[in-house]
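K.L.:
For reference, the sequence and a predicted model appear below.
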Amino acid sequence: MNIEKDSRIALIGIILSSTDHVDELNHLLSEYRQYIVGRMGIPYREKNISIISIAMDAPNDVISALSGKLGMLSGISTKTIYSKTK
């Protein structure tokens, strides 16, 4: 786990409405694995989507970079929230 002086706790919520870019999604999460504290995925079969939450402990720029890269993938929506404490 990453424990840096300027790190923040954040949660990236991901809604996956298409499986077209699952490989890219998994590749990005693997790339940032040193900052990921936990990951939970929920398949919502009735709506044909997947809901993924990523808990991170990382510097602000790292969290923003991952969230931005994920959000650029087609069929994927993201929202990031930050803890008030560092």
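P.N.:
Sure, I can see it.
K.L.:
Where do the helices of this protein begin and end?
P.N.:
For the chain, applying DSSP state H gives helices covering 22-31, 60-71.
K.L.:
Looking at these, spot the one closest to Ile12.
P.N.:
Closest to Ile12 of the helices of the chain, according to C-beta to C-beta: helix 60-71, at 5.4 Å. Every residue, glycine included, has its C-beta placed from N, CA and C.
K.L.:
Quick check: Ile63 touching Ile9?
P.N.:
No. Ile63 lies out of contact with Ile9 (C-beta atoms under 8 Å); the separation is 9.3 Å.
K.L.:
For these two, work out which one has more neighbours and name it.
P.N.:
Ile63 (23 against 16; other C-beta atoms under 10 Å).
K.L.:
Asp23 versus that one, what's the distance?
P.N.:
Going from Ile63 to Asp23 by C-beta to C-beta, to the nearest Å gives 22 Å.
K.L.:
all strands for this structure, in order.
P.N.:
Assigned by DSSP state E, the chain shows strands spanning 7-16, 36-44, 49-59, 76-82.
K.L.:
Including mean pLDDT and distance to His27, could those strands go into JSON lines?
P.N.:
Shown next, in JSON lines, are the strands of the chain (pLDDT from 0 to 100; distance: least, C-beta to C-beta, whole Å):
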{"stretch": "strand 7-16", "mean pLDDT": "95", "distance to His27": "14"}
{"stretch": "strand 36-44", "mean pLDDT": "96", "distance to His27": "13"}
{"stretch": "strand 49-59", "mean pLDDT": "96", "distance to His27": "14"}
{"stretch": "strand 76-82", "mean pLDDT": "95", "distance to His27": "13"}
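K.L.:
Perfect, I'm done here.
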